[in-house]
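Student: All I have is the shape, not the residue letters:
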């Protein structure tokens, strides 16, 4: 039996209402209804019609919701900025309370996959997909793409901020359509540029006493991002492609040149178990980067012909510590899984780019609410043990289950007949 939503959670109202500055009462009701439904609904696909079936509240109408996303004058960017500011204030308060000094920012992009026949949704286009089993056309998948920055401070894990990405050709076609409708044009920005902007936005609000490492994969490994991160006084750790040049040789050539160096075996533990890697390292300089970097060459087995390559701007780190820090990027994958599989980030059925941006803004706000609820115990007790994120979500759903039972009991006490109860609860 589904858990119907008969009232809004006080915790959600206290979290979301101060962030939705400038929303009219009707817009605020729609936003609260949507976020509550996303949190409670367990349907596989969280379309507006599916979410509406879980609501027993006034103004719960899927067509009004569609207009709220498509034509209602509110800014998804403003909601994103407000949520990010709240999370950063929470991080600062926890850092003061606990004294933790090591902070990680993980950069990752992900696809919200759609059917290959989908062509009317403006944020959807063919994007390169490294996951072989879901490729729809060659090496490409029809999807929208977003890039996000994830923060980790001790056990505290937040998805801080995000951007919806559109390809250059996609932006050009959309702007032609937007000019006809009198809408402001979109500006194309590459993925590394979007990441740089997000980091610049985050930097002034991070705790100043923390040592910050930025983690990202080989797609973002470029000198402009390297220099931007170092300008903030941070360090970076990244995967790298084989053709990156370190001193006189490409990374692919260094394993043989380091044949005199003993192989260091590093064991890393994860949720899937532990695995041991054979590694060598070299401290050198990259082209167009003034500071020395540490390059780590890692093989899964002795005869592995395709080593993995990692670069780090902090030459004081050991190989074991460098790889351990880089493995923290796994949390970004967990966040993406929750967003798409549990919170319905990819379930939108909205055509315009702005409407999809609105959908993303509220889904990310719903996820931020659950993450902020998880870390609340640290604000009272620095040694508190944090529950898994899934348990926090289940607790929120159980609260709504209790409210539903109390609501039915109240109707019974009012003397409602069986027919009236069914009409009230299952219209």
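Tutor: Structure's in. What do you need? Since this is a predicted model, take the numbers as computed values, not measurements.
Student: For the helix or strand encompassing residue 97, name the packing helices and strands.
Tutor: Taking DSSP states H and E as the criterion, residue 97 maps to helix 76-98. Counting contacts by 3 or more CB pairs under 8 Å, 6 or more residues apart in numbering; DSSP states H and E, helix 76-98 packs against strand 140-153, strand 156-165, helix 191-202, helix 353-380. C-betas here are computed from N, CA, C, even on glycine.
Student: Which of these sits closest to residue 98?
Tutor: Checking the helices and strands packed on helix 76-98 against residue 98 by CB to CB gives helix 353-380 as the closest, at 6.5 Å.
Student: buried set for the closest one?
Tutor: Residues of helix 353-380 classed as buried: 353-375, 378 (neighbour count, 16 or more other CB atoms under 10 Å).
Student: Which strands and helices lie in contact with the helix or strand following it?
Tutor: With elements assigned by DSSP H and E, the helix or strand that comes after helix 353-380 is helix 389-413. On a contact count with 3+ CB pairs under 8 Å, 6+ apart, helix 389-413 meets helix 25-40, helix 353-380, helix 418-425.
Student: contacts for the last one?
Tutor: Spelled out, it's helix 418-425. For helix 418-425, the external contacting residues (CB atoms under 8 Å, 6 or more residues apart in numbering) are 4, 56, 408, 411-412, 416.
Student: That one vs helix 389-413, what angle?
Tutor: Inter-element angle recorded for helix 418-425 and helix 389-413: 140 degrees (by axes from the mean of the first three to the mean of the last three CA atoms, to 10 degrees).
Student: Tell me where the chain is predicted with low confidence.
Tutor: Along the chain, the parts satisfying pLDDT under 70 run over 1-2, 270-272, 427.
Student: Please name whichever of the helices and strands packed on helix 389-413 is nearest to residue 122.
Tutor: That would be helix 353-380 among the helices and strands packed on helix 389-413, by CB to CB, at 4.2 Å.
Student: Out of the contacts of helix 418-425, which is nearest to residue 292?
Tutor: Nearest to residue 292 out of the contacts of helix 418-425 is residue 4 (CB to CB; 60.8 Å).
Student: what about the closest one, how many neighbours?
Tutor: The number of residues packed near residue 4 is 19, by other CB atoms under 10 Å.
Student: dump the residue contacts of it.
Tutor: Going by CB under 8 Å, 6+ apart, residue 4 touches 54-56, 400, 404, 425.
Student: For these, pick the one with the most neighbours.
Tutor: Once you tally neighbours by other CB under 10 Å, residue 54 ends up highest among the contacts of residue 4, having 23 neighbours.
Student: isn't it right up against residue 33?
Tutor: No - counting by CB atoms under 8 Å, residue 33 is not a contact partner of residue 54; they are 9.7 Å apart.
Student: residues shared between the contacts of those two?
Tutor: Contacts common to residue 54 and residue 33, judged by CB under 8 Å, 6+ apart, are residue 5.
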